[in-house]
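# The sequence and its predicted three-dimensional model are supplied below.
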Amino acid sequence: MFREDLESHFQHKVDAEEKIEPKDWMPEEYRKTLIRQISQHAHSEIVGMLPEGNWITRAPSLKRKCILLAKIQDEAGHGLYLYSACETLGVEREQLLNDLHSGKAKYSSIFNYPAISWADMGAIGWLVDGAAIMNQIPLCRTSYGPYARAMVRICKEESFHQRQGYEIMLTLAKGTAIQKQMAQDALNRWWWPSIMMFGPNDSDSLHSAQSLKWKIKRFSNDELRQRFIDMTVPQAELIGLKIPDPDLKWNEERKSYDFGKINWDEFWNVVKGNGPCNKQRLHDRVEAHEKGAWVREAAVAYAEKRSARINSN
Ligand code: FAQ
């Protein structure tokens, strides 16, 4: 087949909502876009374990500790499904990790903010996982089969994460005045970074138009951001917390909330590596990887020993 025929057959499949599978022909740019997005997503899950990991030893009760531990382990699992999905596109996991550790690869801006109080565990679950689900549920219908299938399970777990975060906020908001203040303070600090998670405005989004055509993305950054705000404002009201945006106002005509200006300078500064915790997160990630070398070596040695035993039988 000629290249034009291959491309038109590919687009036809995408338009017909058929999944593209690893061995199918795909445009090189489609493959590269997927590797970029899926690996950034995987890195986000893994780096995203760090702000919460700091609170495992300081959780206020055994029950809270078990829940937090389970949530963080889920994030590790999400990273692994996503690295595996990415590997089906012909890239090695080692390469992806090298790019993360050298600072070449991006991960979500949100994980470069500090988690300074227990209420931040509530805010991360409620807002960060809430934003993540809003973005990720449509990805269950993304055009690349392995990514779409990985997202189904990830979304089920993220929805539990969002509820556990909201429940922490609810408990604090119903608690003493100081506890309620802790919850409000966490909301004040995490609100705008969560809104930024959806990426630049559509007018400044480099990849959206092509990714929407290929059905890698199903909705634009601004559409998902608006949905998230519309979903979250009533949740804040229900537990008596105030969204830190004086311009937030219900727009009856649009049946949506109008909201204030996003500080894009702050966003790009964080994305470029100059956020409050970028250097620490990268340092901790590299250190965790180096300290885990013996586990990887042991796993490889065991696999070799096992296959040698099977082959000798
Ligand atoms: N942070 O043209 P677009 C989670 C970059 S998982 C950093 O609009 P695109 C779970 C973008 O890469 C959270 N960089 O890009 C959890 C591009 O740069 P490049 C992660 C960002 O790809 C919860 C440039 O800006 N979720 O939270 C960000 O079409 C709690 C231009 O942007 C995913 O990755 C950002 N926020 O749309 C874990 C979901 N936004 O690559 C632990 C999958 C944009 O050209 C605890 N990804 N950039 O150098 C996506 O849906 C998309 O990739 C977007 C960005 C929507 C994030």
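Sure thing, it's come through.
# Show me which residues of this structure sit near the ligand.
When proximity is defined by C-beta under 6 Å from any ligand atom, the chain lies next to the ligand at 36-37, 40-41, 44-45, 48, 75, 106, 108-109, 124, 128-129, 132, 135, 197-200, 205-208, 211, 217, 221, 271. No exception for glycine: its C-beta is placed from N, CA and C like everyone else's.
# If any of those residues are buried, put those into a PyMOL selection.
In PyMOL, this line selects whichever of the residues of the chain next to the ligand come out buried by 16 or more other C-beta atoms under 10 Å:
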select buried, resi 37+40+41+44+45+48+75+106+108+109+124+128+129+132+135+197+198+199+200+205+208+211+217+221+271
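# In helices, which of the residues of the chain next to the ligand fall?
36-37, 40-41, 44-45, 75, 132, 135, 208, 211, 221 (DSSP state H).
# got those residues as TSV, with pLDDT and distance to Thr176 columns?
TSV is the format used below for those (pLDDT from 0 to 100; distance: C-beta to C-beta, whole Å):
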residue	pLDDT	distance to Thr176
Arg36	98	46
Gln37	98	44
Gln40	98	40
His41	98	39
Ser44	98	34
Glu45	98	34
Glu75	97	31
Ala132	96	30
Asn135	96	35
Ser208	97	45
Ser211	98	47
Asn221	98	39
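# Pick out the most distant pair among those.
Using C-beta to C-beta, the two most remote members of those are Glu75 and Ser208, lying 25.8 Å apart.
# What helix or strand is Tyr257 located in?
Using DSSP states H and E, Tyr257 sits in strand 256-258.
# just so I have it, where are all the strands in the stretch 101-250 of the chain?
249-251 (DSSP state E, counting those that start in this stretch).
# which residue ranges form the helices in it?
119-123, 130-136, 145-173, 177-196, 208-213, 221-238 (DSSP state H, counting those that start in this stretch).
# re earlier: tell me the mean pLDDT over the strand holding Tyr257?
Averaged across strand 256-258, the pLDDT comes to 98.
# Isn't Arg218 up against Arg141?
Yes: assessed by C-beta atoms under 8 Å, Arg218 is found in contact with Arg141 at 5.8 Å.
# my read: Asp74 touches Gln162, true?
No: here Asp74 lies out of contact with Gln162, judged by C-beta under 8 Å, at a distance of 11.9 Å.
# Now do the strand or helix carrying Leu82 and helix 145-173, the angle between them.
Secondary-structure assignment from DSSP H and E places Leu82 in helix 62-87. On the basis of axes from the mean of the first three to the mean of the last three C-alpha atoms, to 10 degrees, helix 62-87 is oriented at 160 degrees to helix 145-173.
# Report the buried residues of helix 62-87.
Quick answer for helix 62-87 (16+ other C-beta under 10 Å): 64, 67-68, 71-72, 74-75, 78-79, 81-83, 85-87.
# Now for Val271: which residues touch it?
With contacts defined as C-beta atoms under 8 Å, 6 or more residues apart in numbering, Val271 is in contact with 106, 109.
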